[in-house]
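Enquirer: Generate a structure from the sequence data that follows.
(2 chains)
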2 protein chains.
Amino acid sequence: MKISKLKKMTDELGDWRKTHFTIDLKPENVDQEVKIGGWVQRTRDLGGLRFIILQDKFGIIQITAKKGIVSDEVFEKAKIEPQASIAITGKVKIFKKAPNGVEIIPSEIKILNRAPEQLPIDMTGKTMSELDTRLNNRPLDLRLPRNQAIFRIQDQMLISIRKVLNEKRFTEIITPKIIGSATEGGTELFPIMYFDKDAYLSQSAQLYKEQMTIPFENVFELAPCYRAEKSFTSRHICEIYVLDIEMAFSDMNDVMRMQENILHSVTTDIKINCEEDLKLLKIYDKFEVPEIPFKKYKYEEILDMLESKAGISIEFGEDISTEAYRKLGKILPGYYWVTNWPTEAKPFYILPCSDNPKISESFDLQKGWLELASGGTRVHDKKLLIKRLKAQGLNPKSFESHLNAFDFGMPPHAGLGFGIARYLLILTGAEQIKETVLYPRTPDRLTP
Amino acid sequence: MKISKLKKMTDELGDWRKTHFTIDLKPENVDQEVKIGGWVQRTRDLGGLRFIILQDKFGIIQITAKKGIVSDEVFEKAKIEPQASIAITGKVKIFKKAPNGVEIIPSEIKILNRAPEQLPIDMTGKTMSELDTRLNNRPLDLRLPRNQAIFRIQDQMLISIRKVLNEKRFTEIITPKIIGSATEGGTELFPIMYFDKDAYLSQSAQLYKEQMTIPFENVFELAPCYRAEKSFTSRHICEIYVLDIEMAFSDMNDVMRMQENILHSVTTDIKINCEEDLKLLKIYDKFEVPEIPFKKYKYEEILDMLESKAGISIEFGEDISTEAYRKLGKILPGYYWVTNWPTEAKPFYILPCSDNPKISESFDLQKGWLELASGGTRVHDKKLLIKRLKAQGLNPKSFESHLNAFDFGMPPHAGLGFGIARYLLILTGAEQIKETVLYPRTPDRLTP
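Expert: Numbers count the residues shown, from 1 in each chain, chains lettered A, B, ... in the order given. I've put the predicted structure just below:
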């Protein structure tokens, strides 16, 4: 990286502290002295007049330094390079052409940290750098207003999800991510050396959240889980942040309703509170609060639909391929449920239907072609659970501790797992799941 | 486990759904038909009169079945074994002796799942089972009202922490727990096999949260971190849930004030909203909302205090031993800060004081003898950071990607890490950190 030839001076922060964020400054603050901080988005030098566009976590504001009006030191410092970190003390003035209607006349500029002339990412917004370059320089990449907007939307999403679940008196649980054995019997596990024992990274909070219905009834967790899957697609990552929900005295219909309420609250809150972010992403006009309840299609209805409308024939029991989902997404572009999957296609803990044990009380939540959530009514009877384990070729002895919990008056229960980054992909119109995760982990990406 | 000799009949949940939790039922609900569910805490059989104490996630209520008044089926079912999962439909009646002033006359009892006669844990509350037995049967153990109370308090704690941080417009970040190299250069790391690469479980979100001040300024994360420490104490575990905070344009004093505000809000909310839980834990009267700000003692003042008041002599630069902390906890039983630690005793990212680089802008938060949090002002200048890395015997090349971030106009920043389970220990008066974690991980505990 080339080092700027400008003198690399910096100032101390000292007892200078921000009084406002950029978006807080309005015409009613006129003539107030304020302290704002952030970094230089760009500058303009018209000879006797210099402008800094200062960006912070929420937006931008113009700093106007006119020779003779501001001190010589301030005027000199107003020539600072983009992405340097700065602190401004100044007066608010009306400036009708600015988005928030004001600008700042600086009385002090502190240069807190410098940036080199050449940056690894184009920060002017003219061209979008390669995704790999962006991810290799993620903190800078995330300063692009578009990327800030994506994660401001994530923030609102997380707040809204918790708001709904707290109101419904769910208990937040924190379950271990280091596990002693393969929970779901899968092979896609990352092995850990745990002192002198073999252990694994948790693939899902499934068994723990089921157990936690025993003391706490309705529970949720927002936490990472891990899949050692060598998938290189736009929607797969190896470290996945998941909303896990489990509800006692409930079946799959209760869980589906709860999830619909969550998505309805999240999108309503985003539409109201993230208007500027949606506009920045150019999706405000088409951003919709979906109508609930979502349409439900049985797995077998989906097979018929694929056959008749897309010419794709899938045999009962088989999974729906990505190609088929892509076509399905064109027929059903909105949110919808695919319910009652073949029992053999679902994990051992999913309850077979009592009137036809070949199909199960299970569901996936789809948005067009993309799967967002998966869940169902669980088996709560110990004998049936052992039978289901065996039917799936698993050894009940490996699940001894989990099976014991079914002796403690395990209530009937149901739940789901919901991928946060995939949902953020839908909400923001991003192209790649790697864009909706701060530091994604894929088979070939372990740093930064 | 012995299987009960009683007929193991169960009912289907069907479309029965709860209308209330036990604590929602008040005298004003008299004569209403309600549906409540949970499990049998205990029963009493007086011949023609049978009682069930039904417990749910929030409390208990008495179900009264009098022969001739209730149906024969209901009367028969009222003889159900403890810990069975049940659903009751019934009418609310005034019962002045009950804690909430009401009881339920059942019109229907559904037995949803059974429990064996012999349970691995004493659920009568008379004696406390061994901790290992309790942890081996954790879902049942957590049904003990005392344990439910501990995690209801945790729930309030997490809600209050997030409330403060959301109000202050911190951005919630989700950082990777799989890392490609040893972040802090420590040896206490769990190795992972990441496809064909060596990786580790994250010891702390430190480097990522510092980087995230670049786009988001003030950030926080609530997430697990991992320490492969062979400690067998009442306060150490290997999987630790931590609140990480990092604040831009701030120094350690801002972070300490923020943490004081958080603890003040958490304890105020618990005192108001968890009154019954504190009473159940027999700590309501002594539960205090601590006065803020907490007292601050410099590391050197603490050494003097230990010397003069406890006869313990520690040389400048040395750590404070557990024994010394135990004595200190008797001298200073409340919350207090220990600030300005020797620079060499703190990690490379902690800022040395400008007037005396042998001491640093660092702090620990103590409650009596127990350390709850640790933090400080960070180095934000790249050259100084490289110098500090070298001084601590670390290779700057291993931190290349992190160091690059310091070219992106890294703002001055400060932060802390705060252990959730240790704080819950303090809040609830539990004896052991293993009691304040749902499924603790220690060197010898990997399941359940």
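Enquirer: what are the ranges of the strands in the stretch 251-400 of chain A?
Expert: Assigned by DSSP state E, counting those that start in this stretch, the strands in the stretch 251-400 of chain A fall at A:295-298, A:335-339, A:362-367, A:370-377.
Enquirer: between those, which gets nearest to chain B?
Expert: strand A:370-377 (9.2 Å; CB to the nearest CB). In short, each C-beta sits where N, CA and C put it, glycine included.
Enquirer: Just give the strands next to that closest one in its sheet, each with its orientation.
Expert: When sheet partners are counted by DSSP bridges, strand A:370-377 sits next to strand A:362-367 (antiparallel), strand A:413-419 (antiparallel).
Enquirer: can you put those in a markdown table and add distance to residue B:436, mean pLDDT and mean neighbour count?
Expert: Converted to a markdown table, those look like this (distance: least, CB to CB, whole Å; pLDDT from 0 to 100; neighbours: other CB atoms under 10 Å in any protein chain shown):
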| stretch | distance to residue B:436 | mean pLDDT | mean neighbour count |
| --- | --- | --- | --- |
| strand A:362-367 | 34 | 98 | 24 |
| strand A:413-419 | 25 | 98 | 25 |
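Enquirer: how about TSV for these, with distance to residue B:310 added?
Expert: As requested, the strands paired with strand A:370-377 are exported to TSV (distance: least, CB to CB, whole Å):
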stretch	distance to residue B:310
strand A:362-367	60
strand A:413-419	52
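Enquirer: Let me know which of those is the nearest to residue B:360.
Expert: Each of the strands paired with strand A:370-377 has some distance to residue B:360 by CB to CB; the shortest is strand A:413-419, at 41.3 Å.
Enquirer: List of residues touching that closest one?
Expert: Around strand A:413-419, the neighbours that count as contacts under CB atoms under 8 Å, 6 or more residues apart in numbering or on different chains are A:204-206, A:209-210, A:213, A:240-252, A:254-255, A:259, A:361, A:363, A:365, A:372-378, A:380.
Enquirer: Name the surrounding residues that touch the helix or strand following that strand.
Expert: Elements were assigned by DSSP states H and E; along the chain past strand A:413-419, the next helix or strand is helix A:420-428. Contacts to helix A:420-428, defined as CB under 8 Å, 6+ apart, come from residues A:149-150, A:153-154, A:157-158, A:222, A:235, A:237, A:240-243, A:266-267, A:270, A:281, A:283, A:367, A:370-372, A:430, A:432-433, A:435-437, B:174.
Enquirer: now do 7 Å
Expert: With contacts defined as CB atoms under 7 Å, 6 or more residues apart in numbering or on different chains, helix A:420-428 is touched by A:150, A:153-154, A:157, A:235, A:237, A:240-243, A:270, A:281, A:367, A:370, A:372, A:433, A:436-437.
Enquirer: Inside strands: which ones of those?
Expert: When DSSP state E defines the strands, the subset of the contacts of helix A:420-428 inside them is A:240-243, A:367, A:370, A:372.
Enquirer: Which single one of these is nearest to residue B:293?
Expert: Residue B:293 lies nearest to residue A:241 out of the ones in strands among the contacts of helix A:420-428, by CB to CB, at 35.2 Å.
Enquirer: Count the neighbours of that closest one for me.
Expert: Each residue near residue A:241 was counted by other CB atoms under 10 Å in any protein chain shown, and the total is 21.
Enquirer: May I have the beta-bridge partners of it?
Expert: Beta-bridge pairing of residue A:241, defined through DSSP bridges, involves residue A:224.
Enquirer: That one against residue B:176, yeah?
Expert: No. Between residue A:241 and residue B:176 no contact is recorded; they are 10.1 Å apart, counting by CB atoms under 7 Å.
Enquirer: pLDDT at the residue lying farthest from the centre of chain A, what is it?
Expert: For chain A, the C-alpha lying farthest from the average C-alpha position belongs to residue A:68; by CA atoms, centre = their mean, that distance is 48.6 Å. With respect to pLDDT, residue A:68 has a value of 97.
Enquirer: so which of the strands of the stretch 251-400 of chain A is the most packed in?
Expert: By mean neighbour count, with neighbours taken as mean count of other CB atoms under 10 Å in any protein chain shown, strand A:362-367 ranks first of the strands of the stretch 251-400 of chain A at a mean of 24.
Enquirer: For chain B, what's its nearest residue on the stretch 251-400 of chain A.
Expert: residue A:380 (5.9 Å).
Enquirer: mind listing what that residue touches?
Expert: Residue A:380 makes contact with A:410-413, B:113, according to CB under 7 Å, 6+ apart.
Enquirer: Can you say which helix or strand has residue A:62 in it?
Expert: With the criterion set as DSSP H and E, the secondary-structure element containing residue A:62 is strand A:60-66.
Enquirer: so what does that strand touch, helix or strand wise?
Expert: Secondary-structure packing of strand A:60-66 (3 or more CB pairs under 7 Å, 6 or more residues apart in numbering or on different chains; DSSP states H and E): strand A:49-55, strand A:102-113.
Enquirer: Can I get those strands in a markdown table including mean pLDDT and distance to residue A:274?
Expert: Formatted as a markdown table, those follow (pLDDT from 0 to 100; distance: least, CB to CB, whole Å):
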| stretch | mean pLDDT | distance to residue A:274 |
| --- | --- | --- |
| strand A:49-55 | 98 | 18 |
| strand A:102-113 | 98 | 22 |
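Enquirer: ok, the contacts of residue A:380 vs residue B:323, which is closest?
Expert: Checking those one by one against residue B:323 (CB to CB), the nearest turns out to be residue A:410, at 45.7 Å.
Enquirer: Wait, a strand at that closest one?
Expert: No. Inclusion of residue A:410 in a strand is not indicated when DSSP: H, G, I helix; E, B strand; the rest coil is applied; the result is coil.
Enquirer: still on that earlier bit, how near is the residue of the stretch 251-400 of chain A closest to chain B to residue B:124?
Expert: Shown here: residue A:380 relative to residue B:124, a distance of 25 Å by CB to CB, to the nearest Å.
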